[in-house]
Structures are given as C-alpha cells and as structure tokens.
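Enquirer: Okay, predicted coordinates and the sequence, questions at the end:
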Amino acid sequence: MNSYDFYRASGRLGNDQPTESTVLDRYIWAVGAYVLRKIGIHLCILALLRVKDLLSTIARMIKSTRLPAALLLTLGFSISPLAGCSDSSSPLRILVTNDDGVGAEGIDVLVEALIADPNNDVVVSAPAEQRSGSGDNTIETRPTCGSGEAMPSSTASGYDDATWAVDGCPADAVNYALDPANGLYAADSLPHVVISGINEGQNVSEGVATVLSGTVGAAKTAARDHGVPALATSQGSSVGGPVAPPASDYDYDSGVSAALAWLGEHRSALAAGTVTTDTVDSLNTPTCTAGEIRGLREVPLAADATGAFDPQDCESTLEAPKDDVEAFTNGFNALSPVPAN
C-alpha cells in the first residue's frame with residue numbers, strides 16, 4: 001500500500017478525484033504518520049484525523065511553508081496526547097509483590113494472569129517468607145523481618161524470568177526492586193505500576209488498611225517513597241473470621257478478574273504517568289459461597305473493623321454501602337483510596 005492508498009483507507013479521503021493541492025496536503029500527512037510509526041511513535045492516525053480544526057491549520061502550514069520533517073515530528077509529539085494516543089508497542093511495566101511470600105498462591109495466580117498478556121512486562125519482588133501484618137515497616141523498623149538479602153526465586157507455577165525473594169518485610173521487597181542500583185529497573189524506567197497481592201484474606205477498614213496490612217503497606221511504599229502508582233488487592237475468605245482458613249476457601253479467580261479489570265481501566269493513564277501517588281487503591285474481593293459478586297463499589301475505608309471478618313453475603317440486596325466493610329460483606333468488590341503517607 002502506498003501513502004496515498006493508506007490515506008484513502010483511513011476514511012479521510014473520499015472516492016472523488018482529489019485536486020493537486022489536496023493530494024499534497026494528504027500525502028504529507030500520510031508520510032508523516034508513516035515516519036512517526038517507523039520510529040516507534042504511534043500517532044493514532046484515525047484519532048488524529050478527528051481533531052479537524054487543528055489538523056486543517058497544520059495542513060495549511062505545511063502546504064504553504066513546506067515545514068521541515070523535524071517540525072512535523074514535533075507537531076506529532078504535541079498532538080498525539082490531545083488525540084488520546086499512546087504507544088501500544090511498549091509493554092506496561094508491572095512490579096508484583098505481596099506480604100504472603102513469593103511462594104503464595106495469591107501472587108502466583110496474579111502473575112500467571114499478567115504474564116499471559118504480552119503487553120505486560122512483569123517483575124516479581126516479594127518477601128521470601130510469610131510477612132503478613134508488617135504494615136509499611138522495613139528491616140530498619142522491624143528487624144525481625146529478616147536480613148534484607150535478596151536472591152533469585154520463582155513463583156509456585158515456575159515464573160522465574162524476573163523473580164526475586166527478599167528476606168525482609170514487604171516494603172523491603174519493593175525498595176529492593178525500585179532501587180536502580182540493584183538492576184531490576186533503571187532510574188528513568190521504573191514500573192508504571194506496582195500491584196501488591198493477591199492477599200490471602202481481606203484488608204478492610206482504616207486500621208487494617210493503613211496500619212497492619214503488609215499488602216497495602218507495600219503499595220504505600222511504592223507510591224510514597226518512589227512515586228510509582230500502586231494497587232493493593234486482597235481476596236476474602238469464604239468462611240470469614242480473622243484466622244486464616246485453608247487456601248481452597250479463597251476464590252482467587254475472582255480476585256484476578258477484579259485486578260485485571262482495574263488494570264484495564266487505568267492502563268492508559270498508568271502508561272501516561274497521570275495516576276496519582278498521593279493515594280493507593282485498595283481492592284477487596286469477596287469469596288461467594290452462594291450467589292455471585294455483585295459488581296464494584298468505590299467507597300471510603302470504614303472507621304473501624306466491626307464486621308470486617310463476617311462472611312460475605314453475595315445474595316444481599318443492599319445497594320448503597322457506606323464504606324469498604326459494608327460493601328465487601330454485602331458481596332461487592334470494594335475499592336477504596338488509602339493515603340500513601
């Protein structure tokens with residue numbers, strides 16, 4: 001396909017015979033888009049062509065002044081964000097961590113789902129052992145977490161391409177991965193997002209999410225100390241109660257679906273670097289023994305943990321939960337902002 005045919009295929013050019021000036025106008029645009037794409041900058045030509053007034057002005061400038069190619073590229077850089085374009089050829093860099101340990105089931109199913117998408121570039125850095133309840137402590141503030149030593153490791157399903165086990169708190173695992181001196185990321189190409197989880201058990205209410213949870217603490221560390229947006233994701237127990245039941249009582253498939261939905265919704269903003277790091281998102285997914293998850297509710301953290309460990313009622317008829325505890329225990333995915341500081 002030559003440039004003229006490409007431009008016709010875009011739908012901008014009709015079937016009528018164009019004049020010499022319109023051919024020049026359109027040819028320059030086609031060549032410009034081709035050059036931009038060749039150097040890896042996706043101009044999203046169809047979206048661009050909908051920015052009619054701006055394009056018309058630039059086309060007249062090009063026709064009348066024969067702007068050099070360098071200026072055309074500069075214009076392309078400037079316009080592509082206005083058209084909502086993104087470089088879809090670049091994978092989303094995702095760091096995965098948790099507080100249950102690198103060998104836990106929750107992080108394993110999450111990683112397997114993420115690596116199934118070739119548009120994700122996944123690195124894992126997680127505690128070597130179970131470190132629940134660590135909050136955002138590090139070995140400096142909680143020496144019992146370990147030595148801080150990091151070693152190559154693997155998830156339960158065998159993902160070892162970029163997996164590290166850190167003898168420390170969840171925050172130490174995040175700090176290790178995001179320190180450019182350790183070679184997992186360069187200073188100018190940190191991950192677009194940190195996903196912490198999927199935790200074995202819910203992390204609802206202000207006290208649990210902001211103080212106790214190592215899952216949320218790892219996310220807070222990424223946002224507060226490294227400027228990386230983060231999601232903490234937790235899976236409820238089917239039987240309720242603060243004592244962890246067998247792993248079979250966690251519907252991790254639902255947790256994965258909820259996490260992937262969050263990632264899909266925020267993907268463009270994460271790639272563009274426009275997601276806030278003042279807060280992190282805490283996502284709690286029920287495990288339904290009857291009925292099914294009733295959707296997503298964006299709610300604040302509950303002031304206290306009363307009812308936080310009740311079984312989830314996915315057949316509830318409550319429609320307007322007031323906080324994350326009420327949303328979660330009434331069968332909703334509960335999404336809540338948690339201050340990063």
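Expert: Sure, I can see it.
Enquirer: Show me where the stretch 201-341 of the chain has its strands.
Expert: Assigned by DSSP state E, counting those that start in this stretch, the strands in the stretch 201-341 of the chain fall at 230-235, 279-285, 296-298, 333-339.
Enquirer: deepest of these, which one?
Expert: Of all the strands of the stretch 201-341 of the chain, strand 230-235 has the most neighbours on average by mean count of other C-beta atoms under 10 Å, namely a mean of 29. C-beta coordinates here come from the backbone N, C-alpha and C atoms, glycine included.
Enquirer: and it, what does it pack onto?
Expert: Secondary-structure packing of strand 230-235 (3 or more C-beta pairs under 8 Å, 6 or more residues apart in numbering; DSSP states H and E): strand 193-200, helix 214-226, helix 252-272, strand 279-285.
Enquirer: Check the offset of that strand from the chain's centre.
Expert: Offset of strand 230-235 from its chain centre (C-alpha atoms, centre = their mean, to the nearest Å): 10 Å.
Enquirer: which residues are contacting it?
Expert: For strand 230-235, the external contacting residues (C-beta atoms under 8 Å, 6 or more residues apart in numbering) are 106, 110, 193-203, 209, 213, 215-216, 218-220, 222-223, 250-252, 254-255, 258-259, 262-263, 277, 280-285, 287, 338.
Enquirer: report the angle between the axes of that strand and strand 279-285?
Expert: Calculated by axes from the mean of the first three to the mean of the last three C-alpha atoms, to 10 degrees, strand 230-235 forms an angle of 20 degrees with strand 279-285.
Enquirer: could you give the mean pLDDT of strand 230-235?
Expert: For strand 230-235, mean pLDDT rounds to 98.
Enquirer: Can you tell me the strand partners of that strand and which way each runs?
Expert: Its sheet considered, strand 230-235 pairs with strand 193-200 (parallel), strand 279-285 (parallel) by DSSP bridges.
Enquirer: mind checking which of the ones you listed is nearest Asn119?
Expert: Of all those, strand 193-200 sits nearest to Asn119, with 13.0 Å by C-beta to C-beta.
Enquirer: So what's the gap between the closest one and the chain middle?
Expert: Offset of strand 193-200 from its chain centre (C-alpha atoms, centre = their mean): 10 Å.
Enquirer: quick one: contacts for the residue nearest to Asn182 when sequence neighbours are not counted?
Expert: In space, and not counting its chain neighbours, Asn182 is closest to Tyr176: 5.8 Å by C-beta to C-beta, 6 or more residues apart in numbering. Shown in contact with Tyr176 (C-beta under 8 Å, 6+ apart): Ser125, Gly148, Ala150, Trp164, Val166, Gly168, Asn182, Leu184.
Enquirer: Select from these the one having the most neighbours.
Expert: Of all these, the highest neighbour tally under other C-beta atoms under 10 Å goes to Val166, namely 30 neighbours.
Enquirer: where's it relative to Gly146, distance?
Expert: 8 Å (C-beta to C-beta, to the nearest Å).
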